[in-house]
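**Student:** Give me coordinates for this.
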Amino acid sequence: MGKLFGTDGVRGVANKELTVELATRLGQAGAYVLTEKNHRRATILVGCDTRKSGDMLAMALMAGVNSVGANAVYLGVVPTPAVAYLTKKYNADAGVVISASHNPAEYNGIKFFSGDGYKLPDEMEDRIEEIIFADNRDIHFPIGGSIGRLEYRFDAKEDYIDYMCSLLDLDLNGLKIVVDCANGASSYTSPQALKRLGADVVVIHSEPDGININRDCGSTHMEALMARVVEENADVGLAFDGDADRLLAVDEKGCVVDGDQLMAICGMYLKEKGKLKKDTIVVTVMSNLGLHLMADKEFIHLEETRVGDRYVLENMLENGYVIGGEQSGHIIFLEENTTGDGLLSALHLLQVMKEKKVPLSELASVMTVLPQVLVNARVPNENKYVYMDNDDIRNAVRDLETKFDGQGRVLIRPSGTEPLVRVMIEGKDRAVLQAEAEKLAKLIEEKLV
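**Tutor:** Coordinates of the predicted model:
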């Protein structure tokens, strides 16, 4: 058995790679590791997105949790950031989300939060894997009254909405907002929060049927939202992903505003208010060069990490920074939640729009987005981490960087959740970038069969 945990929990095709049996064992090992130092019966919150497989995997996982003597509380469909917040609010020992985020409906995933609402560090995930690979033989399984109990709590999403609405002094009267819920976990929470704050809300893709999550909608498919914003003459469009931990926006002209631009807008606003700690935004190596140019101009420091919101978070915690995130829209406002939160990001953006009284297109123009091309090379999972061990691939990357002569860059990285190696090339001429990226991706597929 290979490594279970990727950059965002355990992912795979439900009932094929992510099986009921694996979910049960993850529930057992996860509950054991997260609560082994407790001297009382532990409680673990469990929530899911709208995938058909969610209940199946949640029940299997919670059976595992109960089998080691811990209680499980099922929250039903709630956003990932809601589980992070509620775990801490309810004084639970841990939280678990059943979700594959932006991936298609046939995928699902399991990710854990510690009792303080943070994703688990690598060493704790390694410990869970170690127990599973040892067939859970070190775990004690109680009997009788010592077995854990399963409870249901479906009012939790209201507590999350209450919290979101309390964070900022925000009156959205006068703003018309189109909200794309991706037929996912935000289908109830985001529209309700925005309406409560006074916005005129037009909701699309909020009728989940178990298999339409992320299908031609949400933050991975923006076309419908772009068109609807223009059609409705709306001020802004907000696009969430399946588990609502990321946000992308659309301006009043129907143009996409990505995560880098959102961080630029909100980071500059926080700096103006004296709230941008150490004048720093934490980004990943995938952030656009345009963001770096903006930061230099505005005397903002960009702290760069490897790809993955967990690494952004680790840097923020270590250094006391308050905002960080990814181009994909996974943005962390650490003073208000412990993980990326699409609704929270939306509220911060809307706060800037209301106070500045200027269109989103003008706010977004603070940075120029340079062309960036991403091409996926599909390779076997076991080969996706060894791409730079191949001489032909390594030489091709070197030659391409020499050709760009400082006017572009090449970034290759394995996907944390899929059997892919992602090839990203950035520069000035999109046609040249596309051709070079496709050529390099094809070489990787040929060499890593």
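
**Student:** Any idea how many residues pack against Cys181?
**Tutor:** By the criterion of other CB atoms under 10 Å, Cys181 has 29 neighbours. All C-beta spots, glycine's among them, are computed from the backbone N, C-alpha and C.

**Student:** Could I get the buried residue list for stretch 156-168?
**Tutor:** Buried positions in stretch 156-168, judged by neighbour count with 16 or more other CB atoms under 10 Å: Ala156, Lys157, Asp159, Tyr160, Ile161, Tyr163, Met164, Cys165, Leu167.

**Student:** closest to Leu225 among those?
**Tutor:** Among those, Met164 lies closest to Leu225 (CB to CB), at 20.8 Å.

**Student:** Wait, Gln28 touches Ala60, no?
**Tutor:** No. With contacts counted by CB atoms under 8 Å, Gln28 stays clear of Ala60, the gap being 10.4 Å.

**Student:** which residue lies farthest from the center of this protein?
**Tutor:** Gly144 (39.7 Å; CA atoms, centre = their mean).

**Student:** For the helix or strand encompassing Met424, name the packing helices and strands.
**Tutor:** Met424 is part of strand 420-426, with elements assigned from DSSP states H and E. Counting contacts by 3 or more CB pairs under 8 Å, 6 or more residues apart in numbering; DSSP states H and E, strand 420-426 is packed against strand 372-378, strand 409-414, helix 430-447.

**Student:** And the longest one, how far out from the chain middle?
**Tutor:** Read it as helix 430-447. 27 Å (CA atoms, centre = their mean, to the nearest Å).

**Student:** Report the inter-axis angle for that helix versus strand 420-426.
**Tutor:** Orientation of helix 430-447 against strand 420-426 (axes from the mean of the first three to the mean of the last three CA atoms, to 10 degrees) gives an angle of 150 degrees.

**Student:** packing partners for helix 430-447?
**Tutor:** Partner elements for helix 430-447 (3+ CB pairs under 8 Å, 6+ apart): strand 372-378, helix 391-404, strand 409-414, strand 420-426.

**Student:** Next, the angle from the last one to strand 409-414.
**Tutor:** This points to strand 420-426. Between the axes of strand 420-426 and strand 409-414, defined by the same axes, to 10 degrees, the angle is 170 degrees.

**Student:** in its sheet, what does strand 420-426 sit against?
**Tutor:** strand 372-378 (antiparallel), strand 409-414 (antiparallel) (DSSP bridges).

**Student:** What mean pLDDT does that strand get?
**Tutor:** Across strand 420-426, the average pLDDT comes to 91.

**Student:** wait, isn't Gln372 in contact with Leu291?
**Tutor:** No. The pair Gln372 / Leu291 is not scored as a contact, 10.9 Å apart, by CB under 8 Å.

**Student:** ok, these two, which is more surrounded?
**Tutor:** Leu291 (26 against 23).

**Student:** quick one: pLDDT of the more buried one?
**Tutor:** 93.

**Student:** just checking, it is part of a helix?
**Tutor:** Yes. With DSSP: H, G, I helix; E, B strand; the rest coil as the criterion, Leu291 is part of a helix.

**Student:** Now it: closest residue in space, sequence neighbours ignored.
**Tutor:** Nearest residue to Leu291, sequence neighbours excluded (CB to CB, 6 or more residues apart in numbering): Asp260, at 4.4 Å.

**Student:** which outside residues touch the helix or strand where the one you found lies?
**Tutor:** According to DSSP H and E, Asp260 maps onto helix 259-272. Helix 259-272 is contacted from outside by 246-249, 257, 276, 279, 281, 283, 287-288, 290-291, 294-295, 298, 300, 322-331, 333, 345, 348-349, 351-352, 355-356, 363-364, 366-367, 369, using CB atoms under 8 Å, 6 or more residues apart in numbering.

**Student:** and those, which are buried?
**Tutor:** Buried among the contacts of helix 259-272 (16+ other CB under 10 Å): 246-249, 257, 276, 281, 283, 287-288, 290-291, 294-295, 300, 322-331, 333, 345, 348-349, 351-352, 363-364, 366-367, 369.

**Student:** hmm, back to that, show me the contacts of helix 259-272 that map onto strands.
**Tutor:** Taking DSSP state E as the definition of strands, the contacts of helix 259-272 contribute Leu247, Leu248, Ala249, Val257, Ile281, Val283, Ile323, Gly324, Gly325, Ile331, Phe333.

**Student:** okay, these in CSV with distance to Met316 and pLDDT next?
**Tutor:** Converted to CSV, these look like this (distance: CB to CB, whole Å; pLDDT from 0 to 100):
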residue, distance to Met316, pLDDT
Leu247, 18, 98
Leu248, 21, 98
Ala249, 22, 98
Val257, 22, 98
Ile281, 10, 98
Val283, 11, 97
Ile323, 8, 98
Gly324, 5, 98
Gly325, 10, 97
Ile331, 11, 98
Phe333, 10, 98
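
**Student:** how about CSV for those, with distance to Glu304 added?
**Tutor:** Formatted as CSV, the ones in strands among the contacts of helix 259-272 follow (distance: CB to CB, whole Å):
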residue, distance to Glu304
Leu247, 21
Leu248, 21
Ala249, 23
Val257, 21
Ile281, 10
Val283, 6
Ile323, 14
Gly324, 10
Gly325, 12
Ile331, 16
Phe333, 19
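
**Student:** Tell me, what's the model's pLDDT at the residue nearest to Leu291?
**Tutor:** At Asp260, pLDDT is 97.

**Student:** Roughly how far does it sit from Ala364?
**Tutor:** 10 Å (CB to CB, to the nearest Å).

**Student:** With Gly329 instead?
**Tutor:** According to CB to CB, Gly329 and Ala364 sit 13 Å apart.

**Student:** Also Arg413?
**Tutor:** Counting by CB to CB, the gap from Arg413 to Ala364 is 26 Å.

**Student:** go on, Pro121?
**Tutor:** 35 Å.

**Student:** likewise Tyr107?
**Tutor:** From Tyr107 over to Ala364 the distance is 31 Å, taken as CB to CB.

**Student:** next one: Glu207
**Tutor:** Here the criterion is CB to CB. By it, Glu207 lies 30 Å from Ala364.
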